[in-house]
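In: My questions are about this predicted structure, shown below with the sequence.
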Amino acid sequence: MVERFLPLVHAKGTHFEIGNAIGEQCKKKIEDQIDFYSHLLKEEFGMSWKKAVSTAKKYLPACEKAVPELLEELRGMAAGSGRTFEELFAINCFEEIMFELSHKKNACTGVAISSEYAKDKCVYLAHNEDWLSGDKGHQFMIRASPVGEPEFIAITYGAVLPTTGLNSEGIAHSSNSQGHVDFKEVGVPCMFISRKILSSKTVEEAIGFATMQDRASGTNHLIVDDKGAMCTIETSANEHNITRNRKYAIHSNHYISQKMEKYNFAEDKDSLKRYSLGKSLVSKELKNIDYPVLKVIMSNHGEGDELQPDPYALCQHANRAYTPMDQDETISSIIINLTTRTVWACKGSPCKNNFKEYKFDIKEEVKKEETKEEKKEEKKEAKEEKEQKKETKQEEKKEEDKEEEEAKKMYWTAVSKLKAIAAKKKATAAKCPACGEEKKEAVKEIAKEKQKEEVNEEKKETKESKPEKSENPEKSEKPEKSEK
């Protein structure tokens, strides 16, 4: 079944528990992503997946020192998905591995609008996720409630740590890959830094995370809060630049600030033109921007269309003539209203796919999920109780049947014994006829004696019923004659 919208994953608890929930709910997506990346590296660069996993290990010490809780998140994800921690860690070091292979990836465009310049006076952050076409089916949305940290809702894919989203403190963040020449083969990979920013309570704290020491590579971070504060933070492995934006902010995949320009690749037409196009579109719509207008802006095809894609457009479509590594497209789009805490996201290009709304009230959603789970548990218990009663009834019936069977057995045993006794007596009588004759004579004698007693009793009763005779018959009175 093809997913029309990005599935929503719920997770809460410790970082390990959150990772475990992702791993369990997105097991297939993670497996497919690892399979896709392993084939990609082998076909494009001749690098085995085993070699990629081994290469990523050099970044582990810096992460253990700077972001140990995020390693726990990956360990939980590994436990939930059944894949190894090392494999999931390598997925989150993919951009650094690309830098080592001297392969530049242009990916993503971000736009931020302050409330002063929005039609509905709301603060917005919009982001097009331009990435490998092969990762499109691995995406999902996540609502997470980490213990001791702000809750957040974000978009991500496969085993990649969530980086673009909004947290309960009103901080929104999106990041863009930077094509640059300043990177180190040690340090904290950019995915871990971007994920860390989602735990920020203030813009200043987010800036601190974005510019942490011991970075392995660079990224552009677009950070906004619900009060309208926004900044663009361009980083490389060794340097960074912070730009405070007032009206709006736009960023693609090259350095804009004078300080960081020296780290750009020589040719970056794709990123330069996307930045110029985005700036032009936003400038024309200032004071008129809201969610519907942002959808139009993020769906812009530049000078091309879906059939003849413009490689410099905001909404990108893959050119199938390219190799899988260079088949970039807009695999998803997200628009965040920080003022109302509403998030809209679509799977695939925003020009032809519908956005789905996600209200940020995570506590309420988690409560609903808990209620749903409680009802599910109650239903399960009721079913188990019903099954238990059924089993008990069946056991009782078996016991009754057993008792009835034993009673029948005892009855027929007794009948058999009585029949045996009767047969024995009959057999004895058959063997001794004299005994039988004596018994008959005895019966006759008893009958005769009884008959004599009855005759004597009758005679006695007859005698008693006759009148007594007079001693002097002459003196007896004669009965009077009746008158005629």
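Out: Noted; the coordinates are in hand.
In: mind listing the helices for the stretch 1-150 of the chain?
Out: Using DSSP state H, counting those that start in this stretch, the helices assigned to the stretch 1-150 of the chain run over residues 15-25, 27-45, 49-56, 60-66, 68-81, 85-91, 94-100.
In: And the stretch 251-400 of the chain, by the same measure?
Out: 269-285, 291-298, 362-431.
In: Relative to M325, which of those helices is closest?
Out: helix 269-285 (14.8 Å; Cβ to Cβ). C-betas here are computed from N, CA, C, even on glycine.
In: Show the low-confidence segments of the stretch 351-484 of the chain, by residue range.
Out: 361-370, 372-373, 429-443, 461, 463-484 (pLDDT under 70).
In: Ok, the chain next?
Out: 1-2, 104-106, 266-267, 305-307, 309, 361-370, 372-373, 429-443, 461, 463-484.
In: Would you format the helices of the stretch 1-150 of the chain as JSON lines with distance to I223 and mean neighbour count included?
Out: As requested, the helices of the stretch 1-150 of the chain are exported to JSON lines (distance: least, Cβ to Cβ, whole Å; neighbours: other Cβ atoms under 10 Å):
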{"stretch": "helix 15-25", "distance to I223": "22", "mean neighbour count": "23"}
{"stretch": "helix 27-45", "distance to I223": "27", "mean neighbour count": "18"}
{"stretch": "helix 49-56", "distance to I223": "27", "mean neighbour count": "17"}
{"stretch": "helix 60-66", "distance to I223": "19", "mean neighbour count": "16"}
{"stretch": "helix 68-81", "distance to I223": "18", "mean neighbour count": "21"}
{"stretch": "helix 85-91", "distance to I223": "24", "mean neighbour count": "22"}
{"stretch": "helix 94-100", "distance to I223": "19", "mean neighbour count": "21"}
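In: can I get those helices in a markdown table with distance to P292?
Out: Putting these into a markdown table (distance: least, Cβ to Cβ, whole Å) gives the following:
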| stretch | distance to P292 |
| --- | --- |
| helix 15-25 | 32 |
| helix 27-45 | 31 |
| helix 49-56 | 42 |
| helix 60-66 | 41 |
| helix 68-81 | 36 |
| helix 85-91 | 35 |
| helix 94-100 | 33 |
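In: Go through those and name the closest to A423.
Out: Shortest separation from A423 across the helices of the stretch 1-150 of the chain is recorded for helix 15-25, at 76.2 Å, computed as Cβ to Cβ.
In: Show me how far the closest one is from its chain's centre.
Out: Offset of helix 15-25 from its chain centre (Cα atoms, centre = their mean, to the nearest Å): 10 Å.
In: To what extent is H251 buried, counted in neighbours?
Out: Neighbourhood size, H251 [other Cβ atoms under 10 Å]: 29.
In: How about K409?
Out: Neighbour number of K409 under other Cβ under 10 Å is 10.
In: Same question for the one 5 residues further on.
Out: In terms of burial, A414 registers 10 neighbours under the definition other Cβ under 10 Å.
In: just E116 next, same as before
Out: Using other Cβ under 10 Å, E116 has 13 other residues around it.
In: ok, it touching Y248?
Out: No - E116 is not in contact with Y248 according to Cβ atoms under 8 Å; the separation is 9.7 Å.
In: So which of the helices of the stretch 251-400 of the chain is nearest K196?
Out: Using Cβ to Cβ as the criterion, the shortest distance between K196 and these is 19.1 Å, found for helix 362-431.
In: quick revisit: list just the one of the helices of the stretch 1-150 of the chain that sits closest to T340.
Out: Smallest distance to T340 across those (Cβ to Cβ): 25.5 Å, for helix 15-25.
In: just the CA coordinates of the closest one, formatted as PDB?
Out: C-alpha atoms of helix 15-25 as PDB (Å, rounded to 0.1, in the frame of the first residue of the first chain):
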ATOM      1  CA  HIS A  15      16.300   8.900  24.800                       C
ATOM      2  CA  PHE A  16      16.800   5.100  24.600                       C
ATOM      3  CA  GLU A  17      13.000   4.600  24.900                       C
ATOM      4  CA  ILE A  18      12.300   7.200  22.200                       C
ATOM      5  CA  GLY A  19      14.800   5.500  19.800                       C
ATOM      6  CA  ASN A  20      13.300   2.100  20.600                       C
ATOM      7  CA  ALA A  21       9.800   3.400  19.700                       C
ATOM      8  CA  ILE A  22      11.200   4.700  16.400                       C
ATOM      9  CA  GLY A  23      13.000   1.400  15.700                       C
ATOM     10  CA  GLU A  24       9.900  -0.700  16.400                       C
ATOM     11  CA  GLN A  25       7.500   1.400  14.500                       C
END
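In: Output the contacting helices and strands for it.
Out: Judged by 3 or more Cβ pairs under 8 Å, 6 or more residues apart in numbering; DSSP states H and E, helix 15-25 is in contact with strand 8-13, helix 68-81, strand 139-146.
In: switch to 6 Å and redo it
Out: Secondary-structure packing of helix 15-25 (3 or more Cβ pairs under 6 Å, 6 or more residues apart in numbering; DSSP states H and E): strand 8-13, helix 68-81.
In: Pull the residues that contact the last one.
Out: Which is helix 68-81. 15-16, 18-20, 22-24, 27, 30, 63, 84-85, 88-89, 192, 195 (Cβ atoms under 6 Å, 6 or more residues apart in numbering).
In: Give me the angle between it and helix 27-45.
Out: When axes from the mean of the first three to the mean of the last three Cα atoms, to 10 degrees is applied, the directions of helix 68-81 and helix 27-45 differ by 110 degrees.
In: how far does helix 68-81 sit from the chain's center?
Out: Its chain's C-alpha centre and that of helix 68-81 lie 17 Å apart, by Cα atoms, centre = their mean.
In: How about the shortest one?
Out: Centroid separation for strand 8-13 versus its chain: 8 Å, with Cα atoms, centre = their mean.
In: partners of that strand, with directions?
Out: Next to strand 8-13 in the sheet, as set by DSSP bridges, lie strand 139-146 (parallel).
In: I'd like the next helix or strand past the partner strand.
Out: Next helix or strand after strand 139-146 toward the C-terminus (DSSP states H and E): strand 152-157.
In: Could you check how far N253 is from D268?
Out: Per Cβ to Cβ, to the nearest Å, N253 is found 7 Å from D268.
In: Between these two, point out the one with more neighbours.
Out: Using other Cβ under 10 Å as the criterion, N253 and D268 rank with N253 on top: 26 against 19.
In: Check the gap between that one and T156 for me.
Out: For N253, the distance to T156 - Cβ to Cβ - is 19 Å.
In: Give the burial count for the nearest residue to E285 once chain neighbours are set aside, as a bare number.
Out: Using Cβ to Cβ, 6 or more residues apart in numbering and skipping residues adjacent in sequence, the residue nearest E285 is V293, 5.4 Å away. Neighbour count of V293, defined by other Cβ under 10 Å: 17.
In: how far away is V293 from Y117?
Out: With distances taken as Cβ to Cβ, V293 is found 11 Å from Y117.
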